[in-house]
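> Below are the sequence and a predicted model; questions follow.
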Amino acid sequence: QVQLVESGGGLVQAGGSLRLSCAASGRTFSTMGWFRQAPGKEREFVASITWGLGSTYYADSVKGRFTISRDKAKNTMYLQMNSLKREDSAVYYCAADPLGSGGSVAGRYDFWGQGTQVTVSS
C-alpha cells in the first residue's frame with residue numbers, strides 16, 4: 001500500500017523558515033513534487049524532483065527561496081522554505097508520479113499525501 005506522509009508544517013513569521021518532509025512507503029517513484037492550496041484558490045505547483053538524477057523544477061513564485069531535495073536511502077522528500085511570505089500560507093501536499101516526469105501538472109501525479117498546513121504571519 002502506497003503512503004505519503006507529510007510533516008513539518010506550522011506557524012512562522014514572515015521572513016522565517018520551515019522544512020517540510022514527505023516520507024514515502026510502498027514503492028519507489030520516478031518523480032515527486034510539492035503542491036499547495038490556499039483557501040478559495042486552486043491547487044498550485046510548487047516544486048518537483050526526479051528521484052534518479054535529482055533534477056529539480058520550481059514555480060517562479062518560490063524560485064530562489066525554496067529548495068526541494070530527496071534522501072533516496074530514507075525514501076523521503078524535503079522542501080526547505082526560506083524567506084517565507086504571507087502569500088505562502090497554504091496546505092502543502094506531497095505528490096508522487098510512479099513512472100513519468102511529473103512536472104507542474106497535478107493530474108500526472110497518482111499518489112497524494114494528506115497535506116500539512118503552513119501559516120505565515122506578518
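Thanks, I have it.
> Following element in sequence after the host helix or strand of residue 92, please.
Per DSSP states H and E, residue 92 falls inside strand 90-97. Moving toward the C-terminus from strand 90-97, the next helix or strand (DSSP H and E) is strand 111-112.
> for the next helix or strand after that following strand, which positions count as buried?
Once the chain leaves strand 111-112, the next helix or strand it forms, by DSSP H and E, is strand 116-121. Neighbour-count burial for strand 116-121 flags 116, 118, 120 (criterion: 16 or more other C-beta atoms under 10 Å). (Each C-beta comes from the backbone N, C-alpha and C, glycine too.)
> what bits of the chain have low per-residue confidence?
Along the chain, the model assigns pLDDT under 70 to no residue.
> can you pull up the bridge partners for the residue positioned nearest the centre of the chain?
By C-alpha atoms, centre = their mean, the chain has its centre lying nearest to residue 34, at 2.3 Å. Going by DSSP bridges, residue 34 is paired in beta bridges with residue 47, residue 94.
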